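Asks: Below: sequence and its predicted model.
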2 protein chains.
Amino acid sequence: MSAELDRPGQRRATMREVAALAGVSIKTVSRVVNDEPGVREGVRQRVEDAVERLHYRQHRGASDLRRTGRRTGAIGILVQDIANEFSSALLRALEDEARQLDLTLLAASLDEDPARERALVEEMVARRVDGLVLMPASPRQDYLGQELRAGLPLVFVDRPPRGVEADSVCVDNVAGSRLAVEHLAAKGHRRIAFLGDLDEIHTARERQEGWRTALLAAGLPVDPALSVTGLREARDAEVALTRLLSADAPPTAVLAGRNVLSVGALRAVRRLRAEDPRAALPDVVGFDDFELADLLDPPLTAVHQDVGAMARLATRMLADRMVGDRSPARHVVLQPLLHVRER
Amino acid sequence: MSAELDRPGQRRATMREVAALAGVSIKTVSRVVNDEPGVREGVRQRVEDAVERLHYRQHRGASDLRRTGRRTGAIGILVQDIANEFSSALLRALEDEARQLDLTLLAASLDEDPARERALVEEMVARRVDGLVLMPASPRQDYLGQELRAGLPLVFVDRPPRGVEADSVCVDNVAGSRLAVEHLAAKGHRRIAFLGDLDEIHTARERQEGWRTALLAAGLPVDPALSVTGLREARDAEVALTRLLSADAPPTAVLAGRNVLSVGALRAVRRLRAEDPRAALPDVVGFDDFELADLLDPPLTAVHQDVGAMARLATRMLADRMVGDRSPARHVVLQPLLHVRER
DNA sequence: ATGGGGTTTGACAACGTTGTCGATCTGCAG
DNA sequence: CTGCAGATCGACAACGTTGTCAAACCCCAT
């Protein structure tokens, strides 16, 4: 319990002050703080006492600045929405990987806003992050070419780069939709609807395309009226499906193209069931699996993406780039699984 | 040592280089970059061209270091688990508030590990964050006294500080449990079980205490055998409830003390129902509401916390401290609501 | 041409730290 | 005691930027 010197104002102590109190040069303080050799035990002790008494804490920014080629030990992670189950699971998995590399996370949500993506990338670059993991919101990322050339380690996740050559870890969305459609077709469904997010979103387009081609492959007609896109939130999907179900030739099953749309679809089904207990209810398959999917009613069969694998691969790629790997961009495509859940 | 040398030409351009290219002093470049007045239009244009050609990007670390006042424009957010629905909702809400103050988030998960909390607080301090939002993992945070005295803006969320006087925004957990128990008692339940997290966790203890006192207030006996704590994950709760339900005097209802425990409880109920369709199923009420709670089967009545309000209040408090407010710590306690969901 | 005001511009120091390198000290062999 | 190697320590510069302040410039009135 060493006495603590009460310091006026709220400035934190600097090495200079520690040095003065310990009666040594700041370089010696630096050596002690960084646990470098070449300091006699007595001196080291004096410095450590001074550090303690002044509650000195190293200023990482200054340290990073001086150390040549030093890394900041921080990476940026830009996802669509931290609160979304997919994004937050990915964020968490990336955190676990980053922790092993002693990296801190700068995280932010893009909300499908290209301008916000640009602004946040700028911000990350200004902060000199050691690397950037990006789930892009913009249709093209040509602007990132300069950053890449400047040596910014960059990995795309969930959505591939456009207009720039960067590493990526994505999921085979076409295959995911195919699994879903094949499953439904095998159950005898012939009218399978698709609920999709904004057409601008690459994964959304791919999932719709997967739905379309899988229908054709199964010898089923593709009814454009059964595909509704541009849906952003659960409520949108609920309204859209409710409308589809009350149309002349309603679908008997539906593929929801994103987790929040699955929620909306399930709500629509619940509503229909509540209004007419004997109504025929459509089967729902969702893209993006849920932690709680096994507890939902009606049950939700879902296309499952291995978020942990995405994070591991992305981090490995990033780490390679961080140590100077300049080889051509690699693109990993993971295969999704279908988690079938029946009533 | 050759390893350091084989990465030529990766350095980003500095103001010095921009200045050289534009034929001005670095101070003039600084003025242009920071959009300061007092630069002739022609000169400004030359500098902007040079910035463009060299793809110069300001180094925030260096800028922060030099600038008086020294804000880094970053705040730390330490929650239990970024992937947990409660934590990620809070994180997202905090992000939205922080964005309005032009603050970037350094986020990390503590996983109920006190050592990790200390390490991450150290890290945040070393990075000179402008403020820290902490959902503590440790039983006491005496160590933070020094940081507070050094002027670190600090706000506790979800769990109050112990051993240190800092602002906090929490929820009345006792009241939350009371709402749950009253609801169940009103439905005629007399044997209401409690599933709780680690006893070391403040909120877990409060919720158990709320369960206990509400039972007494309702004139119901408190059977210690009906309270199982130390449960960390859904699986733990599932096992615990399954065991309780197969005991001699099983509960007819259960209060799950945290979102993941609710999931486990629901799974136990589902399992029981699957094994014996005519078994009497317990009512489940959970602490922490779910986005998808209305879609669960069996339905989940849940204690709802206003995460948005928590974030707004926490950010406001933090912002006040950031501008130098030194008034005594404020402690806000929000009242939870019960979202009743019936079959 | 001269002076006076304002505007532009740059030299320099400083932020807090670490790399470099030389100065000083220590221990010990001769 | 001297000499010398190795250990210890500090002065100084530098990282990339901005605050300070004085110098240089401009325009125009005298």
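Replies: Cool, got the structure. None of the values given here were measured: they were computed from a predicted structure. Numbering: from 1, shown residues only, chains lettered A, B, ... in the order given.
Asks: Show me what the helix or strand where A:Ala204 lies is packed against.
Replies: Using DSSP states H and E, A:Ala204 sits in helix A:202-217. For helix A:202-217, the packing partners by 3 or more Cβ pairs under 8 Å, 6 or more residues apart in numbering or on different chains; DSSP states H and E come out as helix A:173-186, strand A:192-195, strand A:227-228. Where you see a C-beta, it was placed from the backbone N, CA and C, and this is true even at glycine.
Asks: and with 10 Å instead?
Replies: Under the contact criterion of 3 or more Cβ pairs under 10 Å, 6 or more residues apart in numbering or on different chains; DSSP states H and E, helix A:202-217 touches strand A:167-171, helix A:173-186, strand A:192-195, strand A:227-228, strand A:253-256, strand A:283-287.
Asks: which ones are touching A:Arg243?
Replies: Taking Cβ atoms under 10 Å, 6 or more residues apart in numbering or on different chains, we find A:Arg243 in contact with A:228, A:250, A:268.
Asks: In the stretch 51-200 of chain A, mark out all the helices, start to finish.
Replies: Using DSSP state H, counting those that start in this stretch, the helices found in the stretch 51-200 of chain A span residues A:60-66, A:85-100, A:114-126, A:144-149, A:173-186.
Asks: Now render those as a markdown table, adding mean neighbour count, mean pLDDT and distance to DNA strand D.
Replies: As requested, the helices of the stretch 51-200 of chain A are exported to a markdown table (neighbours: other Cβ atoms under 10 Å in any protein chain shown; pLDDT from 0 to 100; distance: least, Cβ to the nearest atom of the strand, whole Å):
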| stretch | mean neighbour count | mean pLDDT | distance to DNA strand D |
| --- | --- | --- | --- |
| helix A:60-66 | 17 | 95 | 3 |
| helix A:85-100 | 22 | 98 | 24 |
| helix A:114-126 | 18 | 98 | 9 |
| helix A:144-149 | 17 | 94 | 15 |
| helix A:173-186 | 22 | 98 | 40 |
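Asks: How far off centre is the helix holding A:Ala204?
Replies: Centre-to-centre, helix A:202-217 and its host chain are 23 Å apart (Cα atoms, centre = their mean, to the nearest Å).
Asks: For the helices and strands packed on helix A:202-217, could you give me CSV that also reports distance to A:Arg235?
Replies: As requested, those are arranged in CSV below (distance: least, Cβ to Cβ, whole Å):
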stretch, distance to A:Arg235
strand A:167-171, 26
helix A:173-186, 22
strand A:192-195, 12
strand A:227-228, 13
strand A:253-256, 13
strand A:283-287, 16
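Asks: got a pLDDT number for the closest residue to DNA strand D within the stretch 201-343 of chain A?
Replies: The stretch 201-343 of chain A approaches DNA strand D most closely through A:Gly324 (17.3 Å), counting by Cβ to the nearest atom of the strand. What the model reports for A:Gly324 is a pLDDT of 89.
Asks: give me the number of residues near A:Arg316?
Replies: A:Arg316 has 16 neighbours, counted by other Cβ atoms under 10 Å in any protein chain shown.
Asks: Please apply the same query to the one 3 residues further on.
Replies: The local packing count at A:Ala319 equals 20, with neighbours defined by other Cβ under 10 Å.
Asks: got it, and A:Leu21?
Replies: Using other Cβ under 10 Å, A:Leu21 has 19 other residues around it.
Asks: In three-state terms, label the nearest residue to it once chain neighbours are set aside for me.
Replies: Distances taken as Cβ to Cβ, 6 or more residues apart in numbering or on different chains place A:Ala50 nearest to A:Leu21, at 4.1 Å, with adjacent residues excluded. Following DSSP: H, G, I helix; E, B strand; the rest coil, we place A:Ala50 in the helix state.
Asks: what's A:Ala50 in contact with, if anything?
Replies: By Cβ under 10 Å, 6+ apart, the neighbours of A:Ala50 are A:2, A:5, A:13, A:17-24, A:29, A:32, A:56.
Asks: how far away is it from B:Gln208?
Replies: Counting by Cβ to Cβ, to the nearest Å, the separation of A:Ala50 from B:Gln208 is 46 Å.
Asks: Tell me the pLDDT of A:Leu5.
Replies: So, for A:Leu5, pLDDT stands at 45.
Asks: Sorry, wrong one. I was asking about A:Leu295.
Replies: A:Leu295 is assigned 94 on the pLDDT scale.
Asks: Return the residues of the stretch 101-250 of chain A in contact with DNA strand C.
Replies: By Cβ under 7 Å from any atom of the strand, no residue of the stretch 101-250 of chain A approaches DNA strand C.
Asks: Looking at the stretch 101-250 of chain A, what residue ends up closest to DNA strand C?
Replies: Scanning the stretch 101-250 of chain A for the residue nearest DNA strand C gives A:Arg128, at 13.6 Å (criterion: Cβ to the nearest atom of the strand).
Asks: That residue against A:Asp64, yeah?
Replies: Yes: assessed by Cβ atoms under 10 Å, A:Arg128 is found in contact with A:Asp64 at 7.7 Å.
Asks: Who are the packing partners of the helix or strand where A:Val29 lies?
Replies: Mapping A:Val29 onto the secondary structure by DSSP H and E places it in helix A:26-33. Secondary-structure packing of helix A:26-33 (3+ Cβ pairs under 10 Å, 6+ apart): helix A:15-22, helix A:41-54, helix A:60-66.
Asks: Can I get the ones you listed in TSV including distance to DNA strand C?
Replies: TSV is the format used below for those (distance: least, Cβ to the nearest atom of the strand, whole Å):
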stretch	distance to DNA strand C
helix A:15-22	3
helix A:41-54	10
helix A:60-66	3
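Asks: who are the neighbours in contact with A:Ser109?
Replies: A:Ser109 sits next to A:78-84, A:87, A:91, A:116, A:120, A:135, A:137, B:91-92, B:95-96, B:99, B:105 when contact means Cβ under 10 Å, 6+ apart.
Asks: Could you find the closest non-adjacent residue to A:Leu266?
Replies: Once flanking residues are discounted, A:Leu266 sits nearest to B:Leu295: 5.2 Å by Cβ to Cβ, 6+ apart.
Asks: Done for today, thanks.
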